[in-house]
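Engineer: Provided below for reference: sequence and predicted model.
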Amino acid sequence: MGRRGRGVAGLSLAASAGLLGTYVGYPGLRKAHAATPCEVTNTADSEEEVLAGSLRECLTGFTGGTITFAESTNGSTIKLEDDLPEVTLTSSVTITGNGASNTIIDGDDKSYSAFDFSGSGVTVTVTGLTIRNTGKFSGPAITTDNGAAIEVTDSKFEGNNASGGLGGAIDSSGNVTVSGSVFTGNTAKLEGGAIRAFDGDVAVTQSTFDGNTATDNDGGAIGTSGGDIDVTYSTFTTNTAGSDGGAIGTSGGDIDVTYSIFTTNTADRHGGVIRTSSGNVTVANSTFASNTAGTDGGAVYTNTGTVSATNSTFTGNSATGDGGAIRVDFVGNAYLNFVTVSENTTSGGSSLAVHSSGSAVVKNSIVYGNTGDDVTAGDDKLNATYSLFTSTSSVSPSVSHPSLIFGEDPLLGSLADNGGPTQTMMPGAGSPVLGAANSVGAPSTDQRGFARTTDGLADMGAVQRAAVAPEPDLSQVPPSWHQAQGRQQQESVCPPGMAPSWAQWPNEGTGGWTCEYTTWWDVNEGVGGGWVTTPGLRAGSMPGR
């Protein structure tokens, strides 16, 4: 995400100079921040007066522009003594900290709010800071009204609490975009334990959500009132919803998930991980493990939409009602292609791992070892080919096709790191699923991102056993080994399949820590082969290599 320019929007240089002159000449007046950037030079805060150089001073009278933090503030915490000022924006704002470990705003658990912005057609961009322990009825860390969008990068939100309202860390009336950030232990009474978007979409990439809670409503981590939600290369762990969608919930929007991990999330009702009332759910290259729903859909639930899963693993999920892994209610449909569904349980209802009230299509998949039946489709509409099931009686209605396998053990290994950004279940040597899938039209890679076909044959399920690791991206030249190893390791946690790396940008003459994808790199000059981040920092060897 590029940093916005620091120029003064909508004003000439002469006008800017005039405003600056006015402020310098009359120190008793408030700064005209619409025309100038503002730098926070100290971490002091006072509920009785606006202190010079404080964050509160920068926000007082602010209508748009940039706010930065001096290096002298690094390592110290801005402990709020009251709510920060509400700000009406006439132009977008960029707030740039010096890294989540250096720039920290702390509400001191005293029901104080941090950033509260209002403005139509503007964007609030927050980069490189931590906001923690704030608490307000709605959106205690960052709140926007009148459609203002929020963009968050490389930041951390911890222990924020919208005790009576919506959005434990972020409550936006517009779109929300999150990248490279961590949300942990945030709470909302109603929707969106960490993030809530009232009238917008949410896009998340390379981020972590852990232990967030929507105590009485939907979306333990993320909730929207009808907007779409897109999640890529992210991890959701131990998030909880008092109603639906233990990790993610929307009242009607579509949900797309790619290369992500969901473990031990819980919903009191529907969708231990995901719930949408009428939208479609699309899942690719992702793992759902040990999630729980109080009623239906241990991992995924939708009312009338479609659930489409490709190159994904569902294991150890449970529901006390119906659909230990997936439940599509009413007239919705389910499509599984190169998916592994194993060891999911139900303790009531129809005792099914995958239940679609509409039609179901299962291709090139392993659905085996679940409590009760594997798959049931409504209205006698089940189409299954090139797949393995526990038994002929574990699918309903009954199906027959020369490519189907019933009752044979696929020899699946436990959920483990088999390469790639997500954990998977590797079929053992001699498994009947090896080479038994339809390679025509198969995805080019398996769940890990490894080549899907081997000698023209494809394996059933999410993992291609004999697949070869991807070729390195030769367009990215790594720095020298000494340069990569000679720098102190970044402490922040990167998303699965990524590792901290020092990246050097020659055009700017600067560098910085970043999370980068891992890839296999053959290096012969004193290093040897290994899994490295794309700029070249060693990420450790992989099993079996």
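Structural biologist: Good, I have the coordinates. Residues are numbered from 1 along each chain as shown.
Engineer: in terms of contact, does Asp45 touch Pro85 like I think?
Structural biologist: No. Look at Asp45 against Pro85 with Cβ atoms under 8 Å: they stay out of range, at 11.7 Å. Glycine gets a C-beta too; all of them are placed from N, C-alpha and C.
Engineer: Overlap of the contact sets of the two?
Structural biologist: Arg56 (Cβ atoms under 8 Å, 6 or more residues apart in numbering).
Engineer: can you list the weak-confidence ranges in the stretch 301-450 of the chain?
Structural biologist: 349-350 (pLDDT under 70).
Engineer: where exactly do the strands run in it?
Structural biologist: In the stretch 301-450 of the chain, the strands defined using DSSP state E, counting those that start in this stretch lie at 306-315, 318-319, 326-328, 333-342, 345-346, 352-356, 360-363, 366-368, 373-377, 382-385, 388-389, 395-396, 405-406.
Engineer: Distance to Gly119 added to those strands, as TSV?
Structural biologist: TSV is the format used below for these (distance: least, Cβ to Cβ, whole Å):
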stretch	distance to Gly119
strand 306-315	37
strand 318-319	43
strand 326-328	40
strand 333-342	41
strand 345-346	48
strand 352-356	44
strand 360-363	46
strand 366-368	50
strand 373-377	49
strand 382-385	51
strand 388-389	55
strand 395-396	54
strand 405-406	59
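Engineer: Any chance of JSON lines for the ones you listed, columns mean neighbour count and distance to Gly75?
Structural biologist: Formatted as JSON lines, the strands of the stretch 301-450 of the chain follow (neighbours: other Cβ atoms under 10 Å; distance: least, Cβ to Cβ, whole Å):
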{"stretch": "strand 306-315", "mean neighbour count": "26", "distance to Gly75": "42"}
{"stretch": "strand 318-319", "mean neighbour count": "28", "distance to Gly75": "45"}
{"stretch": "strand 326-328", "mean neighbour count": "33", "distance to Gly75": "47"}
{"stretch": "strand 333-342", "mean neighbour count": "26", "distance to Gly75": "47"}
{"stretch": "strand 345-346", "mean neighbour count": "22", "distance to Gly75": "48"}
{"stretch": "strand 352-356", "mean neighbour count": "30", "distance to Gly75": "51"}
{"stretch": "strand 360-363", "mean neighbour count": "24", "distance to Gly75": "55"}
{"stretch": "strand 366-368", "mean neighbour count": "29", "distance to Gly75": "51"}
{"stretch": "strand 373-377", "mean neighbour count": "25", "distance to Gly75": "55"}
{"stretch": "strand 382-385", "mean neighbour count": "18", "distance to Gly75": "59"}
{"stretch": "strand 388-389", "mean neighbour count": "26", "distance to Gly75": "56"}
{"stretch": "strand 395-396", "mean neighbour count": "22", "distance to Gly75": "60"}
{"stretch": "strand 405-406", "mean neighbour count": "16", "distance to Gly75": "60"}
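Engineer: With respect to Thr143, which of the ones you listed lies nearest?
Structural biologist: Within these, the stretch nearest Thr143 is strand 306-315; the backing value is 32.9 Å (Cβ to Cβ).
Engineer: Show me how far the closest one is from its chain's centre.
Structural biologist: Distance of strand 306-315 from the chain centroid (Cα atoms, centre = their mean, to the nearest Å) equals 17 Å.
Engineer: Paired strands for that strand, with orientation please.
Structural biologist: Here strand 306-315 has these sheet partners by DSSP bridges: strand 281-284 (parallel), strand 287-289 (parallel), strand 333-342 (parallel).
Engineer: Quick one: closest of the ones you listed to Thr238.
Structural biologist: strand 287-289 (12.1 Å).
Engineer: what distance separates that closest one from the centre of its chain?
Structural biologist: 14 Å.
Engineer: Give me the contacts around that strand.
Structural biologist: 260-264, 273, 299-300, 312-317, 325, 415, 422-424, 447.
Engineer: Buried members of these into PyMOL, please.
Structural biologist: Restricted to buried positions by 16 or more other Cβ atoms under 10 Å, the PyMOL selection for the contacts of strand 287-289 reads:
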select buried, resi 260+261+262+263+264+273+299+300+312+313+314+315+316+317+325+415+422+423+424+447
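Engineer: Give me the most central residue, the protein.
Structural biologist: Ser234 (3.9 Å; Cα atoms, centre = their mean).
Engineer: Show the contacting residues for the residue lying closest to Phe183 once chain neighbours are set aside.
Structural biologist: In space, and not counting its chain neighbours, Phe183 is closest to Ala194: 4.0 Å by Cβ to Cβ, 6 or more residues apart in numbering. Contacts for Ala194 (Cβ under 8 Å, 6+ apart) come out as 157, 167-170, 183, 186, 188, 209, 212, 221-222, 239.
Engineer: In strands only, show me those residues.
Structural biologist: Assigned to strands by DSSP state E, the following of these qualify: 157, 170, 183, 188, 209, 222.
Engineer: wait, which of those residues is closest to Gly441?
Structural biologist: Ile222 (32.8 Å).
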